[in-house]
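# Coordinates only, no sequence provided:
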RNA sequence: CGGGGUGUGGCGCAGCUUGGUUAGCGCGCUUGCUUUGGGAGCAAGAGGUCGGAGGUUCAAAUCCUCUCACCCCGACCA
């Protein structure tokens, strides 16, 4: 918030413009909209009821899709013995810098340190090795919703916190093909979910060797472009191959009685998605939450005078009752705030649709609908309200997606030379499509020179083939970007 | 982890350079009355050991040392 302006106008609780200072806008809007708050512990935020309701909606809708595809929820412990974590070499190495340790129980020093889970592969694999004996035990399709802890240098609410909430799926299969199919299936589920429910367009594809999950055979990713032109990983799905099976000795007897290692996957999304929603859809007035996950989809603001209060209140309560079964709807009947104040408040908090009702509307048997994304206002007859609200919410949902997609398209550049590559990164950022030969040394070189990394090797490229932007050798077209 | 910045009632800040009475201001909050179609008005109130610890001094929000947190810009990660 600019100091001079606030002093002049005598307004303080006014949000900074999104375009003026994105970082500041981001933290202010989170605080002002009561999504989350800071705590005395670095990197550990409180997710407040309004923010948590978004998470609950995300969880509910995704959980349903997991169940539809045969997965069951379970819960594994928070603490993991050090020796478990150490079993898969690449895995430990990958996570070592960000693991927090429990060293004491009360006053007793522990014989073996316990890691606070940064992810649960190791403890889950340990259990799988006990549970899996026969091909008849397969596949194992388990998911858990939990918290994990990663000791981060730099933290930001939702986008990178020390503790965060997520979901991690862990599956074991008899064949390589089945595991690969599972990893891809979950990638598609995430993709549909993020695009349809969160209205965020994503590019799906594989990670390079350098960027893949520590211990995985292959990592698939969903990459979204944020409004500052940087890429955010919105979810991942790993084909773990037999790496963990070998480290944890997870074997089964096949139909011919032969002992074989299982093939595994793991996949996850986190509360980071809420950060992606905030950055993708918000504007100068505050949040815009896609209707499908909005805690409040519709807010009714009554407009009354002393003489008309009872009348308007009755109409409001009637409307509320009428729409409550179908929508997540609330009415703000507080008398101590003016309608104008409430308009701003609910816009800031990202409620997709507002219904205004006052004496003039009651006379005409109508209400005023105002949508958050376009601010378009229109009077609607009460008899058509239910249908209209549903249509507008749906329209907002698709409009948000279209807008975000348009932004992504405008900020995706195909480049041929490193100079052009650098120039675009320096000025406008965004996704850069360029050829890459597949060698890590070229990847590293590009990264050192330009700060961009390979975000994604697309599964469905528009065109195949391209010469490596670094060495010129024949390769594939991949997405580069500066990462969050 | 490097470079820069900020910590003063709930929020945003002033005061600090040049130590000196009861630490101010705006918003918010409480109570009352009047208001209410885009952030209402008046009146009366409540709320602060100045991020923390040490030091200098007759005297510290102010000077010094250390520390913690947060923000911004970079290197690593969902």
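Arrived safely, thanks for sending. All figures in this text were calculated on a predicted structure; none of them were measured in a lab.

# What's the local residue count around residue A:205?
20 (other CB atoms under 10 Å). Any C-beta I mention is one placed from the backbone N, CA and C, and that applies to glycine too.

# Let me see the backbone angles for it.
Backbone geometry at residue A:205, expressed as degrees, to the nearest 10, gives phi 170, psi -160.

# Please point out which parts of stretch A:477-484 sit buried.
A:477, A:478, A:479, A:480, A:481, A:482, A:484 (16 or more other CB atoms under 10 Å).

# what residues are up against the residue nearest to the fifth one when sequence neighbours are not counted?
Looking back up the chat, that one is residue A:481. Nearest residue to residue A:481 in three dimensions, chain neighbours excluded: residue A:231, at 3.6 Å (CB to CB, 6 or more residues apart in numbering). By CB atoms under 8 Å, 6 or more residues apart in numbering, the contact set of residue A:231 is A:223, A:224, A:225, A:431, A:455, A:479, A:481, A:482, A:483, A:484.

# I'd like to know how far residue A:231 sits from residue A:195.
Separation of residue A:231 from residue A:195 (CB to CB, to the nearest Å) stands at 16 Å.

# again with residue A:295
Relative to residue A:195, and taking CB to CB, residue A:295 is found at 21 Å.

# Next: residue A:334.
For residue A:334 relative to residue A:195 (CB to CB), the value is 37 Å.

# between the two, which one's more packed in?
Between residue A:334 and residue A:195, counted using other CB under 10 Å, the more crowded position is residue A:195 (19 against 9).

# hang on, isn't the more buried one packed against residue A:201?
Yes: the criterion here is CB atoms under 8 Å, and residue A:195 meets it with residue A:201 at 6.0 Å.

# what is in contact with these two at once?
With contacts taken as CB under 8 Å, 6+ apart, residue A:195 and residue A:201 have residue A:401 as neighbours in common.

# among the buried residues of stretch A:477-484, which are within reach of RNA strand B?
residue A:484 (CB under 7 Å from any atom of the strand).

# and the buried residues of stretch A:477-484 as JSON lines, adding secondary structure, pLDDT and distance to residue A:185?
Converted to JSON lines, the buried residues of stretch A:477-484 look like this (DSSP: H, G, I helix; E, B strand; the rest coil; pLDDT from 0 to 100; distance: CB to CB, whole Å):
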{"residue": "A:477", "secondary structure": "strand", "pLDDT": "94", "distance to residue A:185": "25"}
{"residue": "A:478", "secondary structure": "strand", "pLDDT": "94", "distance to residue A:185": "23"}
{"residue": "A:479", "secondary structure": "strand", "pLDDT": "95", "distance to residue A:185": "22"}
{"residue": "A:480", "secondary structure": "strand", "pLDDT": "94", "distance to residue A:185": "27"}
{"residue": "A:481", "secondary structure": "strand", "pLDDT": "92", "distance to residue A:185": "26"}
{"residue": "A:482", "secondary structure": "coil", "pLDDT": "90", "distance to residue A:185": "30"}
{"residue": "A:484", "secondary structure": "coil", "pLDDT": "86", "distance to residue A:185": "26"}
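
# Go through the buried residues of stretch A:477-484 and name the one nearest RNA strand B.
residue A:484 (5.6 Å; CB to the nearest atom of the strand).

# List the residues that contact the closest one.
For residue A:484, the contact set (CB under 8 Å, 6+ apart) comprises A:159, A:160, A:226, A:230, A:231, A:232, A:233.

# how does it look with 10 Å?
Neighbouring residues of residue A:484 by CB atoms under 10 Å, 6 or more residues apart in numbering: A:156, A:159-160, A:224, A:226, A:228, A:230-233, A:272, A:275-276, A:279.

# if we look at RNA strand B, which of these are close to it?
Among these, the residues within reach of RNA strand B (CB under 7 Å from any atom of the strand) are A:156, A:159, A:160, A:233, A:272.
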